[in-house]
Each structure stands twice: as C-alpha cells, then as structure tokens.
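Participant: Turn this into a model:
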Amino acid sequence: MITIGTKKLCDLLTDLIDTADWRGIHLQTTRGYDGDEPGEVALLVGTSTDGYVLGHTWAGCDGRLDGAIWPRGDAKAVIAVCKPLAAANPQHTVNLSLQDKTLVLEETPELFDSGTALRFETKEVDDAMLLRAKRILSGDPLPLPVDADGNPRLDTPRTSFTPSSLALLNSIAKRRKEAVHLFGTHSMQLHRVQIGSHWIGAIAPTIAHDHDDPEKPTETGHFGDAVISEVVSPDDTDWLTKAGVLWPEHKANDTPDEERPHGLFDGAESDDSESGDDE
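Facilitator: Numbers count the residues shown, from 1 in each chain. The predicted model follows:
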C-alpha cells in the first residue's frame, strides 16, 4: 500500500492519460531521487503510450505498490473522484493498495473520515512494453531506421510529426508550464523528449507524403515588391544573430503582451526609451 498526495496523483494520471490508449497505464513504485530530496525516496512511476508518443513520469509517495496496468477509463474515474478532494484540501492524501488484481483507492483514514473509496480491476503487466520503454528512454543510441526492404532511411534536415502527437506534448507542457525539449539523432528515428524535471518521453516522426522536399519548405512567402539585398548589412547581422539564439529574456508565448521581451521583428534597437524609467 502507498499513501500519496491527492493532487500529485491527479496530476500524474492526467499526464499519463494524454499518452495512453487501449494499452492502459502502467503504474508501480520504485525508489529513486526526487528533485532536491536527499537520498532515494519512494516514487509512484507511470508509463503509457498510444503507439506514437511515449510518456513516463513520477511523483513522491510513501510505501510500496506492485506494478499493474490501469485501464484508461478507470484512471479517468480516479481523477473525477479525487480532483474535488484535492481542490477542497491541498494537503489531502489517499491510500492505494492492490488486492489481487483489484486496485483499491481510499482516503487516508487517520486523516480524513468522509469514506470516499473507489475499486476497479487492473490488467496484467506487459513486461515487453516496459522493456521497450526503458530501452527507448535509456539514452543509449537507437538503431538507424531502415525502410521495408532493410535499406537505411535518409537523414534529412526535415523532421515531420503528426499534429495530434505534437498536441499531446503541448498539452503536458502547458499544464507543467515548461518548454518542450526534443532530442533527435535522425530525422526518421524516435525523438526523445523532456518536459520539466518529472516527465520524459519519446515521439515518433511520420512520413510526410504531402511534402516532397526533405531540405527546405516547398513554399515561399508572398511579400509583393519587397526586395532584400544580396549583401547582409551590419544591421541585418545584428538582428539575425539574435534570431539564431534564444536570448536569456525569452518567455513563453502565453506571456502577456506587455511583459514579453522583444522578438525577431524588433530589430537591434532597445526599448529602454519606452520602459518608463524616466518617470
């Protein structure tokens, strides 16, 4: 049995549901480092995949829980039951125990007495899926991809992803208020992903049948009679240099307009004259 913060459990399951399908969600405890906590602690660890995106995340807990597959629908039911409890009391905790194949969730009895409980049947652990996930996320080099005939696939500057796969990563990143970090070694190989300090995963590229140039976009912009010089001016060099990096004051796109730093189209000029320092 384990005891875990109710909000932690809801957050954990919400992320895992995003990357789960009929395969369900694998959950178990292990011991590991958790942020700045000294030494190893108990962690509830979850893994799920929809075949295109793999998600792996964890949260601190107390106790031990054997591995089991939670059906996606039952994980949603847990969130529906627990989210109001966490909203009413940020310190709320629940106990999770596995009795044969039945997962039992109950409010921690010595702290809360409302008697909320939930039971559902889990599925057998798919050891092969876990081993594949561990291999993908281990950091070891992945094999170079080949086509159906066994020939190496061409590595190109273009990597294509499905909108739905990117939407999953964006959803998780938005909840966590973190950037999405993609790590690719080949344009047609799985790209490892990290979002914040408690979520790692992988995303599979897709074949872009609607795009036949692997080197660059197939369309050009429409700017009328605007003409750019073939020679890059010093002014151009300044802002193009800025455009090539994420300068330290960069903020996320959902930052209010009045708080955003200058972007690619602001040129090399500083905005100090409008900062209000002269008031």
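Participant: Now name the helix or strand holding F120.
Facilitator: For F120, the host element (DSSP states H and E) is strand 117-121.
Participant: if we look at that strand, which residues are touching it?
Facilitator: Strand 117-121 is contacted from outside by 70-71, 74, 77-78, 81, 101-107, using CB atoms under 8 Å, 6 or more residues apart in numbering. The way it works is simple: take the backbone N, C-alpha and C, and place the C-beta from them, glycine included.
Participant: rerun that using 6 Å as the cut-off
Facilitator: By CB atoms under 6 Å, 6 or more residues apart in numbering, the surrounding residues in contact with strand 117-121 are D74, V81, K101, T102, L103, V104, L105, E106.
Participant: Export the residues you listed to JSON lines and append columns for pLDDT and neighbour count.
Facilitator: Listed next are the contacts of strand 117-121 as JSON lines, based on pLDDT from 0 to 100; neighbours: other CB atoms under 10 Å:
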{"residue": "D74", "pLDDT": "98", "neighbour count": "19"}
{"residue": "V81", "pLDDT": "96", "neighbour count": "16"}
{"residue": "K101", "pLDDT": "94", "neighbour count": "12"}
{"residue": "T102", "pLDDT": "97", "neighbour count": "12"}
{"residue": "L103", "pLDDT": "98", "neighbour count": "21"}
{"residue": "V104", "pLDDT": "97", "neighbour count": "14"}
{"residue": "L105", "pLDDT": "97", "neighbour count": "21"}
{"residue": "E106", "pLDDT": "95", "neighbour count": "16"}
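Participant: Now flag whichever of the residues you listed is closest to A226.
Facilitator: D74 (57.7 Å; CB to CB).
Participant: excluding its backbone neighbours, what's nearest the closest one?
Facilitator: Leaving aside its sequence neighbours, D74 sits nearest to F120 (CB to CB, 6 or more residues apart in numbering; 4.1 Å).
Participant: how many neighbours does that neighbour have?
Facilitator: Neighbour count for F120, taken as other CB atoms under 10 Å: 16.
Participant: and A77, what helix or strand is that in?
Facilitator: helix 72-88.
Participant: Pull out the buried positions in that helix.
Facilitator: Neighbour-count burial for helix 72-88, counted by 16 or more other CB atoms under 10 Å, picks out R72, D74, A75, V78, I79, V81, C82, K83, L85, A86.
Participant: Tell me how far the nearest residue to M1 once chain neighbours are set aside lies from T162.
Facilitator: Using CB to CB, 6+ apart and skipping residues adjacent in sequence, the residue nearest M1 is S97, 4.0 Å away. Applying CB to CB, to the nearest Å, the value for S97 to T162 is 39 Å.
Participant: buried set for the strand holding F120?
Facilitator: For strand 117-121, using 16+ other CB under 10 Å, the buried residues are L118, F120.
Participant: related to what we said a few turns ago, pLDDT value on the residue nearest to D74, please?
Facilitator: With respect to pLDDT, F120 has a value of 97.
Participant: So which of the contacts of strand 117-121 is the closest to K174?
Facilitator: Among the contacts of strand 117-121, and counting by CB to CB, the member closest to K174 is V81, at 24.1 Å.
Participant: where does stretch 55-64 sit relative to the chain's centre, distance-wise?
Facilitator: Between the centre of stretch 55-64 and the centre of its chain there are 16 Å (CA atoms, centre = their mean, to the nearest Å).
Participant: where along the protein do the helices fall?
Facilitator: For the chain, applying DSSP state H gives helices covering 6-18, 72-88, 127-137, 163-176, 234-243.
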